[in-house]
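> quick one, fold the following:
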Amino acid sequence: MLLIIGVAGVIFGGACAIVASNKHRDVLGWFVLGFVFNLIALIVVAALSPLEKEQMLEDAGDKLRPDEAVLDKDELRKKAADLAASLAQSRKRLSS
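Okay, the predicted model is just below:
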C-alpha cells in the first residue's frame, strides 16, 4: 500500500513540477505539494496563470544580479546600438 502511495506521489509531484516549470513557478515547491496533495495540487497549479517577467524578477530578489536580468530583444538591440555608437566615437577620438 505504501508503495502505491509513494509512486502516485512521485507521479503527481512530477506532473506538478512540469506544469509549474512551464508557468515559471517554483518547481521544487510544486513537486512537494504534488507529492503530498496529489490531484488537488495538480488542479491548482494548472489553474494558476503564468508569472510575468517582472514578477519573476521580483520573486528572484537578490538571486539575480542586474547584469543577469533577462532583456527583451528590443532592449538588447538598443544596448548593442548604443555600444556600437560609443565604440565608433572612441575610435574616432583615438585616430584624431
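> run the chain-centre distance for stretch 26-43.
Its chain's average C-alpha position is 18 Å from that of stretch 26-43, according to Cα atoms, centre = their mean, to the nearest Å.
> look at residue 24 and say how many residues are nearby.
Residue 24 has 14 neighbours, counted by other Cβ atoms under 10 Å. For every residue, glycine as well, the C-beta is placed using N, CA and C.
> isn't it up against residue 50?
Yes. Using Cβ atoms under 8 Å, residue 24 is in contact with residue 50, at 5.7 Å.
> can you name the residues that contact residue 15?
By Cβ atoms under 8 Å, 6 or more residues apart in numbering, the contact list for residue 15 reads 34, 42.
> let me know the pLDDT of it.
As predicted, residue 15 sits at a pLDDT of 94.
> mind checking the SS state of residue 50?
Using DSSP: H, G, I helix; E, B strand; the rest coil, the secondary structure recorded for residue 50 is coil.
> list the contacts of it.
By Cβ under 8 Å, 6+ apart, residue 50 lies in contact with 22, 23, 24, 25.
> list the contacts for the last one?
By Cβ under 8 Å, 6+ apart, the contact list for residue 25 reads 45, 48, 50, 51.
> what about 6 Å?
Neighbour list for residue 25: empty [criterion: Cβ atoms under 6 Å, 6 or more residues apart in numbering].
> could you pull up phi and psi at it?
phi -120, psi 170 (degrees, to the nearest 10).
> the residue nearest the centre of the chain and residue 14, how far apart?
Centroid-nearest residue in the chain, with Cα atoms, centre = their mean: residue 24, separated by 4.5 Å. Distance of residue 24 to residue 14, computed by Cβ to Cβ, to the nearest Å: 18 Å.
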